[in-house]
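In: Predicted model follows, preceded by the sequence.
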Amino acid sequence: MIQIIAKKEFTELLRDGRFRWTALIVLTLLLVSLALGWKNYTTVKRDKDAAQADSRQTWENQGERNPHSAAHFGVYAYKPKMPLSLIDSGLDNFSGSSIWVEAHYQNPARNRPIEDATALQRFGELTAAGVLQLLLPLLIIFLTFDAFAGERTGGTLRQVLSLGVPRLQLVLGKTLGVLSALFLLLIPAVLIGVLALALATDNDTLLASLPRFLLMCLGYLLYFIAFIGIALTVSALASSVRTSLVVLLAFWIFSCLLIPRIVNDVSANAIKTPSGAEFWAKVKQDIKEGIDGHNPANTRTKALEEKVLAQYGVAKKEDLPINFGGISLQAGEEHASQVFDKHYGILNEIHLSQERLQSFFGIVSPFLPARSFSMAMAGTDLRHQQHFTDSVEQYRRGLQKMLNDDLAYNSTAKTASTYRVGKAFWEKTPDFEYSSPSTSRALSSGIFSFVLLFVWSFGAIGLSIFAANRMRVN
Amino acid sequence: MLKAVELSKNYNGAVALDSLNLNIEAGEVYCLLGANGAGKTTTINLLPNLRDPSGRPAPINGLDVTREPLETKKFLAYIPEQVNLYKNLSGLENLEYFTSLAGKTGYSKDELRQFLIDSSLQADAIDNRVSTYSKGMRQKVGIALAVAKKAEVLLLDEPTSGLDPSASNEFSELLTNLSKQGVAILMATHDLFRAKETGTRIGIMKHGKLVAEMSTDEIGHADLEKIYLEHIRN
């Protein structure tokens, strides 16, 4: 019975010019956005790979230099573009894409693409995710708003119900019918998406991205089912076709346009982010006065000096077989690391709290969990950005230790000022290599959104069954 | 076959149907006459459970329509004044859909086509979209559906209003054929001539009550009109 209803709905939709034209427009936009995403991905990836290689080459060819001088010379770490960012660029345009790795400081990621964008681009770029999150629900509304209201006005609802069709089956049949019509454009889009992914990446990356891609598809499917359920509910309860359309469009504007804007303002006002100046003032204070404020830098150096002198059984720094300067630099790094862990920890927690607050608004708008889950799977959300900055910091600390240790143990107080290392040493230092979080880690950070989408889709279908049972025939 | 005992309905306190008793046997064509608002359409709507009766429910084939809405609907076919079909589907596709929904999924395309031809729908119109159909053609699809469904009870709400005399005549013949096959037919109509021609019994309704009941054998055309006007005017 469900199948028969679904097939009839599907046939009717296909014969309806409304579906043909809107589906064609949405499919075109989807394909264009995928092509743009693919082009953008390959260009940015090529540029970043080139820049990363360039930074390494400059590092290796910096010539003979004191290791600490090299630490200040620094290298750049670039955030690799995630393959699925060609579908959902997420926060990519708003978060820093490179970090300068230098001595003493954990620098924040800089070079946000949005800073270079023209005013027009601030309205947002055309991405497949944008089409799926914004336009597909609109298409669903256009296909479904008259599902019951239209049949009631046209009198066929009375005819169908007089035949003794259970309303549950009517709802499920209609849901399936609309879904099958959507699949007509979603299946080619998915295939083209995989093709774009395959063209843009090598085989290993493609295989590694597929689980994320499939989960992303599942998330969108739940999102679309939620909208079908909502549209069927409104269509069953609305007094006329026109009311149904108006109510559904209002819901679309509310959940896809208004709520996403409001939550940004609400979360930014409820949980304040410190300014850059405040942040760095606190960091510098803690470095100078000790992380607890009772252990100033000169006291720490004094204690370290006494310890090292006792360890080597000498009375003066000049008599040490090693370079105390290098030891002191590394001790400074290690203390600073604690300070950075504390303050970046606080900052990251502020960002995560803002994000958590935003995600609770997903209870009133299925758009929010759909967007978060898509970003999480694409690897373009806040957590992936934090994972990147954490990885760079781990790399920086390792590199600093290598440079400081070399200075400490291969030179002495006398030779320190003239101590130089060359290309052979620079080549031995590790290069920055980023490996993105696993699918299961991405899924665990997106689980709240996924559960919300699940609740939305099943809740909306449940609601439409309830509405269909309450629905009057005329 | 079709029995209504003390069937009543209020719309927000206004009485639409007041303790109506009806008993229609297999093969009977019962015509309900009455002015607009007399309760004819309400009666027809209550039987397939399109509306909840305010009082006691109507049994069909001994089954309670409100308590067993799906079971009773299997015996029953309903043809409203305007047979509503899906305009983007052809007559054949509409018939196929509705018969499938009625649980009769076994018919081949040819059998379904034959039902439409037997209901005197022009063969060349069967595959056209219903949006091109006239009112009479839609009625024929409705009759074909009732036949295909093997309905034992047929409910009709002013089926011949707006049909030209020849289409109306054709329609009456279809009803007569169905009643010969043992279908119990309840029809609300304003067409006294058709009621006398097609009906076996006639009931006149006023203010939700059945005020007169007679067999068509007992009266002539002129008598019927006279009786009708007497009841409606008083």
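Out: Cool, the structure landed. Numbers count the residues shown, from 1 in each chain, chains lettered A, B, ... in the order given.
In: A:A413 reaches A:L320, doesn't it?
Out: Yes. In terms of C-beta atoms under 8 Å, A:A413 counts as a neighbour of A:L320; the distance is 6.6 Å. Just so you know, the C-beta spots here come from the backbone N, C-alpha and C atoms, and that holds for glycine as well.
In: joint contacts of these two?
Out: Counting by C-beta atoms under 8 Å, 6 or more residues apart in numbering or on different chains, A:A413 and A:L320 have no contacts in common.
In: What is the helix or strand of chain A with the lowest mean pLDDT packed up against?
Out: In chain A, no helix or strand scores lower on mean pLDDT, DSSP states H and E than helix A:156-162, which sits at a mean of 82. With contacts defined as 3 or more C-beta pairs under 8 Å, 6 or more residues apart in numbering or on different chains; DSSP states H and E, helix A:156-162 has these neighbours: helix A:149-154, strand B:76-79, helix B:91-101.
In: after it, next one along is what?
Out: As assigned by DSSP states H and E, the chain's next helix or strand after helix A:156-162 is helix A:167-200.
In: Any part of that next one near chain B?
Out: No. Shown here: helix A:167-200 not in contact with chain B (C-beta under 8 Å from any C-beta of the partner chain), separated by at least 9.1 Å.
In: so how far is that helix off the chain centroid?
Out: 24 Å (C-alpha atoms, centre = their mean, to the nearest Å).
In: Repeat that for stretch A:449-465.
Out: 24 Å.
In: what sits up against it?
Out: Contacts for stretch A:449-465 (C-beta under 8 Å, 6+ apart): A:167-168, A:171-172, A:175, A:219, A:222-223, A:225-230, A:232-233, A:236, A:359, A:362-363, A:366, A:368-370, A:372-373, A:376, A:443.
In: What residues of it count as buried?
Out: A:449-450, A:452-457, A:460-461, A:463-465 (16 or more other C-beta atoms under 10 Å in any protein chain shown).
In: Turn the helices and strands packed on helix A:156-162 into JSON lines, including mean neighbour count and distance to A:K302.
Out: Rendered in JSON lines, the data for the helices and strands packed on helix A:156-162 read as follows (neighbours: other C-beta atoms under 10 Å in any protein chain shown; distance: least, C-beta to C-beta, whole Å):
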{"stretch": "helix A:149-154", "mean neighbour count": "20", "distance to A:K302": "82"}
{"stretch": "strand B:76-79", "mean neighbour count": "26", "distance to A:K302": "99"}
{"stretch": "helix B:91-101", "mean neighbour count": "24", "distance to A:K302": "91"}
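In: could you dump the ones you listed to JSON lines with mean pLDDT and distance to A:E60?
Out: Converted to JSON lines, the helices and strands packed on helix A:156-162 look like this (pLDDT from 0 to 100; distance: least, C-beta to C-beta, whole Å):
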{"stretch": "helix A:149-154", "mean pLDDT": "89", "distance to A:E60": "70"}
{"stretch": "strand B:76-79", "mean pLDDT": "82", "distance to A:E60": "86"}
{"stretch": "helix B:91-101", "mean pLDDT": "91", "distance to A:E60": "74"}
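In: As TSV, the ones you listed with distance to B:D127 would be great.
Out: As requested, the helices and strands packed on helix A:156-162 are exported to TSV (distance: least, C-beta to C-beta, whole Å):
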stretch	distance to B:D127
helix A:149-154	21
strand B:76-79	22
helix B:91-101	6
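In: Of all these, which one comes closest to A:K7?
Out: Of all these, helix B:91-101 sits nearest to A:K7, with 8.6 Å by C-beta to C-beta.
In: Can you name the element that comes right after the closest one?
Out: Toward the C-terminus from helix B:91-101 - assigned by DSSP H and E - lies helix B:109-118.
In: what's whichever helix or strand comes after that following helix in contact with?
Out: Where DSSP H and E defines the elements, the next helix or strand beyond helix B:109-118 is helix B:135-148. With contact meaning C-beta under 8 Å, 6+ apart, helix B:135-148 is reached by B:77, B:79, B:82-85, B:91, B:94-95, B:98-99, B:102, B:104, B:107, B:112, B:115-116, B:118-122, B:125, B:130, B:133, B:154, B:159, B:162-164, B:167, B:170-171, B:174, B:178, B:183.
In: which other helices and strands contact whichever helix or strand comes after helix B:135-148?
Out: Later in the chain than helix B:135-148, the nearest helix or strand by DSSP H and E is strand B:153-157. On a contact count with 3+ C-beta pairs under 8 Å, 6+ apart, strand B:153-157 meets helix B:40-46, strand B:76-79, helix B:165-180, strand B:184-188.
In: Adding distance to B:K140, write those out as a markdown table.
Out: Output for these, formatted as a markdown table (distance: least, C-beta to C-beta, whole Å):
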| stretch | distance to B:K140 |
| --- | --- |
| helix B:40-46 | 20 |
| strand B:76-79 | 10 |
| helix B:165-180 | 8 |
| strand B:184-188 | 16 |
